[in-house]
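# just need the structure, nothing else, for what follows:
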Amino acid sequence: MKFSERTIEGLAKMVTGDAQYFPYRTGGEITKFFKRCGLSFVHDGSTRATWTAERLTELNLGSAQSADLPSDDLCRVITELFDPDDYEDHNDDRADDKGLVSMEEFAAIEESLPALNRLLARHGIVAYLDESGRCHLRSTGTGVSTATMMQQTRPLSHEEIAQQQKLARFLDTASEDDFIEKVLVPLFQRLGFRRVSTTGHKDKSLEFGKDLWMKYQLPTSHWIYFCAQVKKDKLDSNNASGLKNVSNVLTQARMAIDHPIFDPELGRKVLLDHLFLVSAAEITKAARTWLIEQLDRSQRRHIIFVDREEFLAQAARILLDLRIDEPQVAGRDESDVPF
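Next up, the predicted model:
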């Protein structure tokens, strides 16, 4: 679906903040906005609204995963329009001594979302927020939604490559608990999982093969439950290598699948639907094959493997702004200045 010129102009005013109830953005802030959308546009100092409309027109010509929705790039732009931090920062900058903002300058998602929907109504599209506050688009004709569509893989940007390298160095030195708490928990949270809860390693008898558990809501409003078994070291079924942890993983996987978890929001125990087997190193093909062979047919479908390479490919994009402590280099005096 291609937006009309009138819709593009209206959307450009929302991006720049010239439309009422939307956060105002300077030229530099517009550049940062597009960067968060994964786009490399840099404002050239010209009229903000005109320049932004030109960029949106270019995006309007891009590919779309569904013929009933706008281009994938425009979908990302519209989603980013409703970042609550932008609204909070805008209002804080314009508040008086009593913390009040005038109605002319006030930015509010509760008012801006209906304004966007009035603009999109002519195209048979409605914007809505999910339970996490993320904005999605849905076709009123076919019901197809951006919430159920996969993001197309694209090459990593320079910033994402740098973040991927930082994450790799972190994995080399981090403990399993640090890997879980500092990286995996925010990753799953940003992927849309709810109640991402860790068990830790202090009392292993209470883990029942689960390092963390979480749940995910389907478009039908039903919930499915996940847990993760996390390992720092390489998983290999080759006994000659001296790595025998794969047998322990099998035992823990069976425990995790068979033992229910307590969901405090429901007030009852529920069985898991899937198990993420995550390794900060490599999960060899032999180890994957051996584990699948050892599990019965009903258990095999529960396992989802995520090794170091797969994790870094996803986390570099999703955790681009996550601050990671760099490993300290021992034996170096910071007072020494290299020449």
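# helices of the stretch 201-339 of the chain, residue ranges please.
For the stretch 201-339 of the chain, helices defined by DSSP state H, counting those that start in this stretch occupy the ranges 245-258, 285-294, 297-300, 308-318.
# residue 70: which of those helices is closest?
Closest to residue 70 of the helices of the stretch 201-339 of the chain is helix 308-318 (Cβ to Cβ; 21.3 Å). For the C-beta atoms, the positions are set from N, CA and C on the backbone; glycine is no exception.
# buried sites along that closest one?
For helix 308-318, a neighbour-count test (16 or more other Cβ atoms under 10 Å) marks 308, 311, 312, 315, 316, 317, 318 as buried.
# residue 146: which of the helices of the stretch 201-339 of the chain is closest?
Between these, helix 308-318 lies closest to residue 146; by Cβ to Cβ that is 16.4 Å.
# where is the longest helix in the protein?
helix 158-173 (DSSP state H).
# so what does that one touch, helix or strand wise?
helix 308-318 (3 or more Cβ pairs under 8 Å, 6 or more residues apart in numbering; DSSP states H and E).
# what's the helix it packs on packed up against?
Right, helix 308-318 is packed against helix 158-173, helix 185-190 by 3+ Cβ pairs under 8 Å, 6+ apart.
# okay, the helices of the stretch 201-339 of the chain in TSV with distance to residue 118 next?
Below are the helices of the stretch 201-339 of the chain laid out as TSV (distance: least, Cβ to Cβ, whole Å):
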stretch	distance to residue 118
helix 245-258	48
helix 285-294	51
helix 297-300	50
helix 308-318	32
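# now tabulate the helices and strands packed on helix 308-318 in a markdown table and tack on mean neighbour count and mean pLDDT.
Formatted as a markdown table, those follow (neighbours: other Cβ atoms under 10 Å; pLDDT from 0 to 100):
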| stretch | mean neighbour count | mean pLDDT |
| --- | --- | --- |
| helix 158-173 | 15 | 89 |
| helix 185-190 | 17 | 88 |
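# out of those, which is closest to residue 84?
Once the helices and strands packed on helix 308-318 are compared by Cβ to Cβ, helix 185-190 is nearest, at 14.4 Å.
# please put the alpha-carbon coordinates of the closest one into PDB.
Output in PDB follows, covering the C-alpha atoms of helix 185-190 (Å, rounded to 0.1, in the frame of the first residue of the first chain):
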ATOM      1  CA  VAL A 185      16.700 -10.300  30.500                       C
ATOM      2  CA  PRO A 186      16.600  -6.900  28.600                       C
ATOM      3  CA  LEU A 187      16.800  -8.800  25.300                       C
ATOM      4  CA  PHE A 188      13.700 -10.800  26.000                       C
ATOM      5  CA  GLN A 189      11.900  -7.800  27.500                       C
ATOM      6  CA  ARG A 190      12.500  -5.800  24.300                       C
END
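# so what are the domain limits for this structure?
Using automatic domain parsing, the domain parsing of the chain gives 5-148, 158-318.
# any stretches of the stretch 1-150 of the chain with poor pLDDT?
149-150 (pLDDT under 70).
# need phi/psi at the residue lying closest to residue 9 once chain neighbours are set aside.
Distances taken as Cβ to Cβ, 6 or more residues apart in numbering put residue 53 closest to residue 9, at 5.5 Å, once the chain neighbours are dropped. Here is the backbone geometry of residue 53 (degrees, to the nearest 10): phi -60, psi -40.
# which residues touch residue 53?
By Cβ atoms under 8 Å, 6 or more residues apart in numbering, the contact list for residue 53 reads 8, 9, 12.
# number of residues surrounding the second one?
What it means is residue 9. Residue 9 has 17 neighbours, counted by other Cβ atoms under 10 Å.
# before we move on, back to that, how about TSV for the helices and strands packed on helix 308-318, with distance to residue 18 added?
Formatted as TSV, the helices and strands packed on helix 308-318 follow (distance: least, Cβ to Cβ, whole Å):
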stretch	distance to residue 18
helix 158-173	29
helix 185-190	30
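# which of those helices sits closest to residue 40?
Evaluated over the helices and strands packed on helix 308-318, closeness to residue 40 peaks at helix 158-173, with 9.8 Å, by Cβ to Cβ.
# got the angle for that closest one vs helix 308-318?
130 degrees (axes from the mean of the first three to the mean of the last three Cα atoms, to 10 degrees).
# got the angle for the strand ranked longest in the chain vs helix 245-258?
Scanning the chain for the strand with the most residues, using DSSP state E, yields strand 223-231. On the basis of the same axes, to 10 degrees, strand 223-231 is oriented at 160 degrees to helix 245-258.
# which strands and helices sit next to strand 223-231?
Using 3+ Cβ pairs under 8 Å, 6+ apart, the elements in contact with strand 223-231 are strand 212-217, helix 245-258, strand 261-263, strand 274-279.
# what's the most buried one of the ones you listed?
strand 274-279 (a mean of 22; mean count of other Cβ atoms under 10 Å).
# contacts for it?
Contacts of strand 274-279 (Cβ under 8 Å, 6+ apart): 184, 224-235, 249, 253, 256-257, 283, 291, 302-308, 311.
# quick check: which ranges of the stretch 151-300 of the chain have low pLDDT?
Looking at the stretch 151-300 of the chain by pLDDT under 70, you get 151-155, 200-209, 238-245, 297-298.
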